[in-house]
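> Provide a 3D model corresponding to the input given below.
(one chain, ligands or ions: 1)
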Amino acid sequence: HLATCYCYFFSSTNLVVTTTPRVTVTRGRDVILPCWLSPQQNAEDLEVRWYRTNRFDSPLMHYQSKTFKYEEAAYVGRVSFGLKDAASGGLNSGDVSLKLFNVTTKDAGEYVCYVSSSQGYDSAPVNLLVTASGSPPFLSVVWGEDDKVNVSCESEGWYPQPVLRWSDKKQDVKPQSLVYKNLSSGLVLVHSWLLLSSTSEPSCSVGLSDKEVKEAKVSLGTLRKTAKPGKENFCVCVIVILSLFVFDCKYSKS
Ligand SMILES: *[C@@H]1O[C@H](CO)[C@@H](O)[C@H](O)[C@H]1NC(C)=O
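Sure, this is the predicted structure:
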């Protein structure tokens, strides 16, 4: 707090920059990074810089003497001034928000909004969080020895890293392996497998938060009967018939 006051006294008497510190956007959408001056004042004749943290000298948008410059190749053609909300009067009422078009995962991170006038300058950061929701998980099943089944779950297209959870009959289970891969698209693939008994009912869920979860499940017992009819089903049948017979005999005796 002391440091804030100190800066305030020595850098600016009249100019205070305020931002929304955290903004979340889905990959591929447009986003506004809100930044405005208080008290409200016309910003048309001021200098406004938007830059990635520690890149003051290569701003992605630099507005000065009513002209624009763009120093970061990755943002050329993708940035402009925007309105922080529908009621905003724009630049001449001190709204210097940045509009960023077609957000990619590389855009995630911290930005700084800097405004300078003849009376002083001020700046404030905005942290941009980018998310992407991946494909529904794909389950695959391989039957092994000793009644053990290797169940794998895979899902791709996430950002940032999603959480993967396994459960069996609604009980949480720990996977034997959990691997994340960063794809060249900037998105993340997750793969996991575990060994279960052949009567399990595994479910694999993948998501960024508890609200948006994608899930796949399978009932191994049912799957096996449909996949491999024969010996097994025959045994079940015989046991059922035998027990009925025994049951029947008991009752007819008494
Ligand atoms: C289970 O399957 C995965 C492939 O999805 C494989 O990498 C792993 O080695 C298998 N585990 C066992 C114990 O066979």
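> can you spell out the domain ranges of the chain, please?
Using automatic domain parsing, the domains assigned to the chain come out as 7-131, 138-251.
> didn't residue 140 look like it was pressed against residue 152?
Yes: applying Cβ atoms under 8 Å as the test, residue 140 and residue 152 come out as touching, 4.9 Å apart. From N, CA and C alone the C-beta is placed, and that goes for glycine too.
> who's more crowded, those two?
Taking residue 140 and residue 152 together and counting by other Cβ atoms under 10 Å, residue 152 has the greater number of neighbours (17 against 11).
> now the more buried one, nearest residue through space, not along the chain?
For residue 152, ignoring the flanking residues on the chain, the nearest one in space by Cβ to Cβ, 6 or more residues apart in numbering is residue 193 at 4.2 Å.
> just to revisit the earlier point, give me whichever of the domains of the chain is most buried.
Highest mean neighbour count of these: domain 7-131, a mean of 16 (counted as mean count of other Cβ atoms under 10 Å).
> contacting residues around residue 45?
Residue 45 is in contact with 65, 66, 117, counting by Cβ atoms under 8 Å, 6 or more residues apart in numbering.
> enumerate the residues of the stretch 151-254 of the chain near the ligand.
The stretch 151-254 of the chain comes close to the ligand at residues 152, 193, 195, as judged by Cβ under 6 Å from any ligand atom.
> which of those fall in strands?
Per DSSP state E, strands hold the following members of those: 152, 193, 195.
> low-confidence ranges, this structure, go.
Judged by pLDDT under 70, the chain has its weakly predicted residues at 1-13, 225-254.
> try it again at 80.
For the chain, applying pLDDT under 80 flags the ranges 1-14, 210-211, 223-254.
> now do the helices in it.
Counting by DSSP state H, the chain has helices at residues 2-11, 220-227, 231-253.
> which residues of the stretch 1-150 of the chain lie near the ligand?
Within the stretch 1-150 of the chain, the positions adjacent to the ligand are residue 150 by Cβ under 6 Å from any ligand atom.
> skip the chain neighbours and tell me the closest residue to whatever residue of the stretch 1-150 of the chain ends up closest to the ligand.
For the stretch 1-150 of the chain, the residue closest to the ligand is residue 150, as judged by Cβ to the nearest ligand atom, at 3.7 Å. Nearest non-adjacent residue to residue 150, counting by Cβ to Cβ, 6+ apart: residue 142, 4.4 Å away.
> contacts only, for the one you found.
149, 150, 152.
> same question, residue 104
By Cβ under 8 Å, 6+ apart, the contact set of residue 104 is 27, 130, 186.
> in strands only, show me those.
Secondary structure from DSSP E places residue 130 of the contacts of residue 104 in strands.
> could you dump the contacts of residue 104 to a markdown table with distance to residue 205?
Shown next, in a markdown table, are the contacts of residue 104 (distance: Cβ to Cβ, whole Å):
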| residue | distance to residue 205 |
| --- | --- |
| 27 | 21 |
| 130 | 22 |
| 186 | 23 |
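> centre of the chain to stretch 181-192, how far?
Distance, stretch centre to chain centre, for stretch 181-192: 12 Å (Cα atoms, centre = their mean, to the nearest Å).
> ugh, wrong one, stretch 71-83
That offset, for stretch 71-83, works out to 23 Å (Cα atoms, centre = their mean).
> same question, stretch 196-215
Averaged C-alpha coordinates place stretch 196-215 at 17 Å from its chain's average position (Cα atoms, centre = their mean).
> also stretch 159-168?
Between the centre of stretch 159-168 and the centre of its chain there are 12 Å (Cα atoms, centre = their mean).
> list of residues touching that stretch?
With Cβ under 8 Å, 6+ apart, stretch 159-168 has contacts from 27, 105, 108, 130-132, 134, 137, 153, 155, 172-175, 178, 180, 186-188, 190, 192, 194, 196, 200-208.
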